[in-house]
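Asker: Fold the following and give me the result.
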Amino acid sequence: MLHPSYTDLMEVINSEVEPGEEKVVNSRYSIVLATAKRARQIIAGSEPLVKDDGKKPLSIAVDELYNSEIKILTDDDEK
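Answerer: Model prediction:
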């Protein structure tokens, strides 16, 4: 089981969104894609942005997301 939960992650990610604006994350699928992509980056040699304490890359990616060390970009942000 992942800690924090998906709902906790969604709240953290969407916390910076102004009322009335579109949320960054609307589903757990978006979180899964983002953390998997970051985990692959860590496996490829990227430095973790949080203390890893011997954790697996996916757990590190979840911690980074929860601690706002990484952000999920929307299609508009990428342009």
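Asker: name the element the residue most central in space within the chain belongs to?
Answerer: Residue closest to the average C-alpha location in the chain (C-alpha atoms, centre = their mean): Leu65, at 3.3 Å. Assigned by DSSP states H and E, Leu65 falls within helix 57-66.
Asker: helices and strands around that helix, which ones?
Answerer: Packed against helix 57-66 by the contact rule (3 or more C-beta pairs under 8 Å, 6 or more residues apart in numbering; DSSP states H and E) you find helix 6-14, helix 28-43. The C-beta positions use only the backbone N, C-alpha and C, and glycine is treated the same way.
Asker: what angle sits between the last one and helix 57-66?
Answerer: Read that as helix 28-43. Helix 28-43 runs at 120 degrees relative to helix 57-66, counting by axes from the mean of the first three to the mean of the last three C-alpha atoms, to 10 degrees.
Asker: cool, the shortest one as well?
Answerer: Put simply, helix 6-14 runs at 50 degrees to helix 57-66, going by the same axes, to 10 degrees.
Asker: and Ser27, how many neighbours?
Answerer: Other residues lying near Ser27 total 11 when counted by other C-beta atoms under 10 Å.
Asker: swap in Ile31?
Answerer: Count around Ile31 with other C-beta under 10 Å applied: 18.
Asker: quick one: contacts for it?
Answerer: Residues counted as contacts of Ile31 (C-beta atoms under 8 Å, 6 or more residues apart in numbering) are Tyr6, Leu9, Met10, Ile13, Val25, Leu65, Ile72.
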